[in-house]
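Enquirer: Quick one, fold the following:
(2 chains)
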Amino acid sequence: MNFNSFSFHPAVVKGVAEAGYETPTPIQSKAIPEVLKGRDVMGLAQTGTGKTAAFALPILNRLVDGPRGRAAALVVAPTRELAEQIHDAIRALGRHTRLCSAVVYGGVGINPQIQALKRADIVVGCPGRLLDHLGRGTVDLSRLDVLVLDEADQMFDMGFFPDIRRILSHIPAKNRQTLLFSATMPKAIRCLANDVLRNPVTVQIGTTAPAKTVSHAMFPVAPHLKTALLMKLLGRTRTESVLVFTRTKYRAKSLDKKLARAGYRSASLQGNLSQNRRQAAMKGFRSGEFQILVATDIAARGIDVSNVSHVINFDIPATPEAYIHRIGRTGRAQCSGEAFTLVTGEDTAMVKAINRAIGSPVAQRTLPDFDYDAAPQGPGGKKVNSSASRPQARGKRRAPKPRARRRESKGAFAWLAPKTAGGTP
DNA sequence: AAAAAAC
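Expert: Numbering: from 1, shown residues only, chains lettered A, B, ... in the order given. Purely as a prediction, here's the structure:
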């Protein structure tokens, strides 16, 4: 089978060819005909198997001959980086169609977006800024043909669902084609998702499982030795780009600093960074300037960076779904990848849940030349014991380094601050 | 100490 069998418009065919696509992936060959028919689709397929093109191509094809500049399709994504990536993919695939894509998300100026929306046929965006535009009347979804919720199970999650419902209320249900895509779709959420679909067809490739191209292992370790074990793993593994996940924004930031101090070309990506810094981190990671990206779950879903040979869960993810999405950042498009997860005693229940979700236990590994019994270390990197607990006694005090960058734009601990407007203390 | 998403 090849892309000719879909009878795409010549302009779409040209875009597909220039993108270097030859053979449709299973999700593409099964979902594209349904989308072309105008059916509502729930599309489920493993990470890295081409879901974006599975909805982008039939949408471009549907709009290519229609009237222009009316926001005929909307794609909603859970992070700014993913929205940007989808927008780029649509632009590349639609290069020869004269269709116009606009991307809207927060953290950047709204005026350029308002200008871009005026002539947009396809709008890609994150929920918050999209609602902002809807409130201002700078985007009109009243004549929308196709709605896509990417990472659909996350969009129906508690944190996003209210926004999604509000966006839906701006779209006339009549004639609306709705497409949901994800690698995961927990049962509890599937019912909610089916509520927005009309007479849907479910296109599911395989089962909810990690991509087969990823081999994975768990590394039991004491919490205080995680950083040392990570360094050991990095030192003894032949890697290309490495994506490291942490549980919190603060841990991403501080682990990035430790890696940089150890000489790695590293950056962090988390939601407390300014959008400029987020873009710089992504750009540097994509280009290879940063070999390591330390990220929160902001980078868990959808992000497609070539040459990611390893995903390392420095902290175990909070759900089996997050595990599947995180490790799916490697092993994409038939390449192979490895995923390492550091696990501590507290993670036992989640390890079991992950093993259950995957259907077989993930191998547990230990490094022969690693000191698993090392004592906790003090702040100066020295072992804490009765005599070394006073740093000055070691005679090794360093002069404090002048700090060029004191804090991130919003403050490193901004998320700790109360949400209500604060008075004077 | 969850993260993400508008101002």
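
Enquirer: Tell me which residues touch A:S241, please.
Expert: By C-beta atoms under 8 Å, 6 or more residues apart in numbering, the residues touching A:S241 are A:F285, A:G288, A:Q291, A:I292, A:L293, A:V305, A:N307, A:V308, A:S309, A:H310. C-beta here means a position set from N, CA and C on the backbone, and glycine is covered the same way.

Enquirer: Which members of those residues are classed as buried?
Expert: A:F285, A:Q291, A:I292, A:L293, A:V305, A:N307, A:V308, A:S309, A:H310 (16 or more other C-beta atoms under 10 Å).

Enquirer: tell me which element the fifth one is part of?
Expert: Element membership of A:V305, judged by DSSP states H and E, is empty: it is in no helix or strand.

Enquirer: mind checking the backbone torsions on it?
Expert: phi -120, psi 120 (degrees, to the nearest 10).

Enquirer: for the first one, same thing?
Expert: Reported as degrees, to the nearest 10, the phi and psi values for A:F285 are phi -70, psi -40.

Enquirer: Once you drop chain neighbours, what's closest to the residue of the stretch 201-350 of chain A found nearest DNA strand B?
Expert: Here the stretch 201-350 of chain A gets closest to DNA strand B at one residue, A:G271, 2.6 Å apart by C-beta to the nearest atom of the strand. Excluding its sequence neighbours, the residue lying closest to A:G271 (C-beta to C-beta, 6 or more residues apart in numbering) is A:I298, at 5.6 Å.

Enquirer: Against A:A375, how distant is that neighbour?
Expert: Look at A:I298 and A:A375: by C-beta to C-beta, to the nearest Å, they are 34 Å apart.

Enquirer: So for the two, which residue has more residues nearby?
Expert: A:I298 (20 against 12; other C-beta atoms under 10 Å).

Enquirer: Hmm, the more buried one is touching A:L273, no?
Expert: No. In terms of C-beta atoms under 8 Å, A:I298 does not count as a neighbour of A:L273; the distance is 9.3 Å.

Enquirer: separation between A:K37 and DNA strand B?
Expert: Distance of A:K37 to DNA strand B, given as C-beta to the nearest atom of the strand, to the nearest Å: 32 Å.

Enquirer: burial of that residue, as a residue count?
Expert: 11.

Enquirer: Would you mind giving me the confidence score for it?
Expert: On pLDDT, A:K37 comes in at 97.

Enquirer: Within range of DNA strand B, give me the residues from chain A.
Expert: By the rule C-beta under 7 Å from any atom of the strand, the part of chain A lying against DNA strand B is A:78-81, A:105-108, A:110, A:125-132, A:135, A:157-160, A:163, A:247-250, A:270-272, A:296-298, A:318, A:413, A:415-416.

Enquirer: Work out for me the element the most centrally placed residue in chain A sits within.
Expert: In chain A, the residue lying closest to the centroid (C-alpha atoms, centre = their mean) is A:R301, at 2.7 Å. Counting by DSSP H and E, A:R301 is held by no secondary-structure element, helix or strand.

Enquirer: Show me where the stretch 301-425 of chain A has its helices.
Expert: A:320-327, A:348-358 (DSSP state H, counting those that start in this stretch).

Enquirer: most packed of these?
Expert: helix A:320-327 (a mean of 24; mean count of other C-beta atoms under 10 Å).

Enquirer: Quick one: list the elements packing against that helix.
Expert: strand A:308-313, strand A:337-343, helix A:348-358 (3 or more C-beta pairs under 8 Å, 6 or more residues apart in numbering; DSSP states H and E).

Enquirer: mind checking which helix or strand the residue in the stretch 1-150 of chain A positioned nearest to DNA strand B is in?
Expert: The nearest approach of the stretch 1-150 of chain A to DNA strand B comes at A:G128, 1.9 Å away (C-beta to the nearest atom of the strand). Using DSSP H and E, A:G128 falls within helix A:127-136.

Enquirer: Would you mark the buried spots in that helix?
Expert: A:P127, A:R129, A:L130, A:L131, A:D132, A:H133, A:L134.

Enquirer: quick one on the thing from earlier: for the residue nearest to the centre of chain A, list the residues it contacts.
Expert: Here A:R301 is in contact with A:P78, A:T79, A:L82, A:E151, A:Q154, A:H325 (C-beta under 8 Å, 6+ apart).

Enquirer: is it true that the third one touches A:Q154?
Expert: No. No contact is recorded between A:L82 and A:Q154 when judged using C-beta under 8 Å, the distance being 10.2 Å.

Enquirer: And for the residue of the stretch 201-350 of chain A closest to DNA strand B, the neighbour number?
Expert: 17.

Enquirer: Over to A:L57?
Expert: A:L57: 30 neighbours (other C-beta under 10 Å).

Enquirer: isn't it right up against A:S7?
Expert: No. Judged on C-beta under 8 Å, A:L57 makes no contact with A:S7 at a distance of 11.7 Å.

Enquirer: Quickly list what's touching both of the two.
Expert: With C-beta under 8 Å, 6+ apart, A:L57 and A:S7 have no common neighbours.

Enquirer: show me where the stretch 201-350 of chain A has strands.
Expert: Counting by DSSP state E, counting those that start in this stretch, the stretch 201-350 of chain A has strands at residues A:201-204, A:214-220, A:241-245, A:266-269, A:292-295, A:308-313, A:337-343.

Enquirer: which residues touch A:P186?
Expert: Contacts of A:P186 (C-beta under 8 Å, 6+ apart): A:D153, A:E321.

Enquirer: Same check on the one 3 residues further on?
Expert: Contact analysis of A:I189 by C-beta under 8 Å, 6+ apart lists A:D153, A:F156, A:D157.

Enquirer: ok but it is inside a helix, no?
Expert: Yes. A:I189: assigned to a helix according to DSSP: H, G, I helix; E, B strand; the rest coil.

Enquirer: quick one on the thing from earlier: what strands flank the helix or strand that comes right after the helix holding A:G128, and is each parallel or antiparallel?
Expert: As assigned by DSSP H and E, the chain's next helix or strand after helix A:127-136 is strand A:146-150. Take DSSP bridges as the rule and strand A:146-150 pairs in its sheet with strand A:73-76 (parallel), strand A:177-182 (parallel).

Enquirer: so how far is the next helix or strand after strand A:146-150 from its chain's centroid?
Expert: Per DSSP H and E, the first helix or strand lying C-terminal to strand A:146-150 is helix A:152-155. The chain centre lies 12 Å from the centre of helix A:152-155; the measure is C-alpha atoms, centre = their mean, to the nearest Å.

Enquirer: packing partners for helix A:152-155?
Expert: Using 3+ C-beta pairs under 8 Å, 6+ apart: helix A:152-155 touches strand A:177-182, helix A:187-194.

Enquirer: Good, wrapping up.
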